[in-house]
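1. Based on what follows, work out the 3D shape:
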Amino acid sequence: MAGSSHGHTPAAWTGVTIAFIGFLISGAFTVLAEPLGFVAGLVVVAIGGVVGLAMRAAGMGQQKPPTTPEAPAQS
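-> Prediction:
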């Protein structure tokens with residue numbers, strides 16, 4: 001994993017940061033026993049995932065390695 005830069009992209013950092021903020025919101029409203037706030041935090045978590053995927057689609061995620069055609073078998 002260390003050689004692949006797994007997760008070290010703007011898309012990953014942004015998505016995880018937004019999801020973490022949503023997790024904190026849900027946690028706070030769980031302690032306060034406010035179901036509406038808890039659900040709002042879960043919505044923020046989902047938005048984090050959507051933002052991460054959108055940024056990856058926009059080219060800010062990890063690039064896929066180039067594929068090379070396989071050499072024909074020699075007989």
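2. any idea where the helices of the chain begin and end?
-> Listed in chain order, the helices of the chain (DSSP state H) span residues 10-31, 35-55.
3. Pull out the buried residues from the longest one.
-> Residues of helix 10-31 classed as buried: 11-12, 14-15, 18-19, 22, 25-26, 29 (neighbour count, 16 or more other C-beta atoms under 10 Å). Quick note: C-beta positions are derived from backbone N, CA and C, even for glycine.
4. From those residues, pick the one nearest residue 66.
-> Proximity to residue 66 was ranked across these by C-beta to C-beta; first place goes to residue 11, at 19.7 Å.
5. Does the closest one touch residue 52 like I think?
-> Yes: with contact defined as C-beta atoms under 8 Å, residue 11 counts as touching residue 52 (5.2 Å).
6. Next, show the common contact partners of those two.
-> Residues touching both residue 11 and residue 52 (C-beta atoms under 8 Å, 6 or more residues apart in numbering) are residue 61.
7. Hmm, residue 23 is touching residue 43, no?
-> No: look at residue 23 against residue 43 with C-beta under 8 Å: they stay out of range, at 11.9 Å.
8. Closest one of the buried residues of helix 10-31 to residue 35?
-> Nearest member of the buried residues of helix 10-31 to residue 35, counting by C-beta to C-beta, is residue 29, at 7.7 Å.
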